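>>> Based on what follows, work out the 3D shape:
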Amino acid sequence: MAITLLDKIVEEIDKLPSPNVVVQRIVAVCSKPDASSTEVANTLMMDASLSARVLKLANSAYYGIPRKITTLSEAVMILGFKTVRNLALSVFTYDMIFKNKRTGVDREKLWEHFIATAVASETVAETTGYPLKEEIFIAGLLHDIGKVVYDFLFSDVLEMEAQIAKKSKRNLIEIEEELGIPPHTEVGAKLLATWNFPDLLVYSADYHHSVEANPNELFLNQVAMVHIGDVLANLMVRGASLSWGTPSLSPFALNALRMKPRTLVRILEKSKEKYERAQEFLKLEE
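Numbers count the residues shown, from 1 in each chain. All right, here's what the predicted structure looks like:
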């Protein structure tokens with residue numbers, strides 16, 4: 001069953017909403033070592049709706065800029081082009097989740113989990129002194145994109161899994177394994193690879209439940225950060241991820257980051273505070 005369903009998913013992935021030309025261009029520009037903030041701003045200006053929503057987020061309480069940002073070029077200068085890229089990808093991801101009219105799951109809750117994981121993962125990065133916290137934010141945001149794939153292509157499968165998980169108070173990844181369903185982790189990684197997104201995002205999606213299985217040591221610490229962010233997000237917004245069991249924290253991930261368990265309490269409290277300031281992320285309608 002697993003091979004057959006996975007083959008079907010791979011065949012159908014092209015039918016999913018994909019990043020528009022502007023978002024694709026922003027991701028490409030920000031992946032270049034010589035990327036320029038002017039180039040990012042000029043690209044964003046090609047999409048008026050996206051620009052307006054990015055500016056709304058740039059002025060949100062989450063970033064706490066003391067004065068109002070009125071232009072995209074100003075947003076890029078103050079926040080940095082990687083943060084602006086994250087805002088654009090946040091808008092796209094929100095639209096993708098809510099474009100599917102036929103769904104048996106609570107999309108609002110699922111989006112809350114995406115944002116909570118992005119915020120918590122970023123907080124882990126800050127706490128460990130990782131310099132590219134913006135990269136971890138977006139890896140956290142997209143870590144569960146495989147669930148969105150299922151919601152679009154096989155919504156009855158995701159709904160069934162979610163119901164079993166809630167009734168049995170277990171985690172979705174366990175239900176997938178028990179039923180022989182391709183894990184949302186692998187499905188999400190295939191989608192992000194199809195979109196030619198950076199390897200960090202692909203590996204974070206694929207291995208956030210199994211950090212020790214990650215074959216690429218280059219992204220070991222980053223995937224560990226997303227794993228911990230996911231665990232904390234499940235504590236912050238219970239059930240939003242469609243998992244209802246006790247979050248399973250990997251000792252391997254803690255060791256990789258040389259993090260003591262007591263540090264997690266501080267990270268959790270800080271993540272809760274930042275999540276409260278991220279409320280503008282939860283409602284991104286045009």
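>>> Stretch 128-143: which residues count as buried?
Going by neighbour count (16 or more other C-beta atoms under 10 Å), the buried part of stretch 128-143 is 128, 130, 133-143. C-beta here means a position set from N, CA and C on the backbone, and glycine is covered the same way.
>>> That stretch: how far from the chain's middle?
9 Å (C-alpha atoms, centre = their mean, to the nearest Å).
>>> what does it contact?
Here stretch 128-143 makes contact (C-beta atoms under 8 Å, 6 or more residues apart in numbering) with 80, 82-83, 85-86, 89-90, 93, 114-115, 117-122, 124-126, 188, 192, 197-198, 200-201, 204-205, 208, 221-223, 225-226, 229-230, 233, 257, 259.
>>> Need the max-distance pair from the buried residues of stretch 128-143.
128 and 142 (20.2 Å; C-beta to C-beta).
>>> Kindly give the local confidence score, pLDDT, for residue 1.
At residue 1, the pLDDT value in this model is 46.
>>> and if you look at residue 183?
96.
>>> Verify the stated contact: it with residue 173.
Yes - between residue 183 and residue 173 there is a contact under C-beta atoms under 8 Å: 6.1 Å.
>>> Common neighbours of these two, please.
residue 209.
>>> mind listing what's buried in stretch 51-60?
51, 53-60.
>>> Just put those residues in CSV and tack on secondary structure and distance to residue 149.
Below are the buried residues of stretch 51-60 laid out as CSV (DSSP: H, G, I helix; E, B strand; the rest coil; distance: C-beta to C-beta, whole Å):
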residue, secondary structure, distance to residue 149
51, helix, 28
53, helix, 23
54, helix, 25
55, helix, 30
56, helix, 27
57, helix, 25
58, helix, 29
59, coil, 32
60, coil, 28
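>>> how about these, which pair is most distant?
51 and 60 (15.2 Å).
>>> which element is the spatially most central residue of the chain on?
The centroid of the chain falls nearest to residue 141 when counting by C-alpha atoms, centre = their mean (1.6 Å). Taking DSSP states H and E as the definition, residue 141 sits inside helix 133-142.
>>> Using PDB, write out every CA atom in that helix.
The C-alpha trace of helix 133-142 is given here as PDB (Å, rounded to 0.1, in the frame of the first residue of the first chain):
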ATOM      1  CA  LYS A 133      17.800  32.200  12.700                       C
ATOM      2  CA  GLU A 134      15.700  33.300   9.700                       C
ATOM      3  CA  GLU A 135      16.600  30.000   8.000                       C
ATOM      4  CA  ILE A 136      15.300  28.100  10.900                       C
ATOM      5  CA  PHE A 137      12.100  30.100  11.100                       C
ATOM      6  CA  ILE A 138      11.200  29.100   7.500                       C
ATOM      7  CA  ALA A 139      12.300  25.500   8.000                       C
ATOM      8  CA  GLY A 140      10.000  25.400  11.000                       C
ATOM      9  CA  LEU A 141       7.100  27.000   9.000                       C
ATOM     10  CA  LEU A 142       7.400  24.400   6.200                       C
END
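>>> helices or strands up against the helix or strand following that helix?
Scanning forward in sequence from helix 133-142 by DSSP H and E, the next helix or strand is helix 145-153. Using 3 or more C-beta pairs under 8 Å, 6 or more residues apart in numbering; DSSP states H and E, the elements in contact with helix 145-153 are helix 2-12, helix 81-99, helix 107-128, helix 155-168, helix 184-194.
>>> export those to JSON lines and tack on distance to residue 263?
JSON lines is the format used below for the helices and strands packed on helix 145-153 (distance: least, C-beta to C-beta, whole Å):
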{"stretch": "helix 2-12", "distance to residue 263": "37"}
{"stretch": "helix 81-99", "distance to residue 263": "25"}
{"stretch": "helix 107-128", "distance to residue 263": "7"}
{"stretch": "helix 155-168", "distance to residue 263": "29"}
{"stretch": "helix 184-194", "distance to residue 263": "26"}
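>>> Find the one among these with the highest mean neighbour count.
Mean neighbour counts were taken over the helices and strands packed on helix 145-153 using mean count of other C-beta atoms under 10 Å, and the top value, a mean of 24, falls to helix 107-128.
>>> What angle do helix 155-168 and that one make with each other?
70 degrees (axes from the mean of the first three to the mean of the last three C-alpha atoms, to 10 degrees).
>>> how far out from the middle of the chain is helix 107-128?
The chain centroid and the centroid of helix 107-128 are separated by 7 Å under C-alpha atoms, centre = their mean.
>>> before we move on, what about stretch 207-217?
17 Å.
>>> The nearest residue to residue 47 once chain neighbours are set aside: how many residues sit nearby?
Distances taken as C-beta to C-beta, 6 or more residues apart in numbering place residue 22 nearest to residue 47, at 4.3 Å, with adjacent residues excluded. Number of residues near residue 22 (other C-beta atoms under 10 Å) recorded here: 18.
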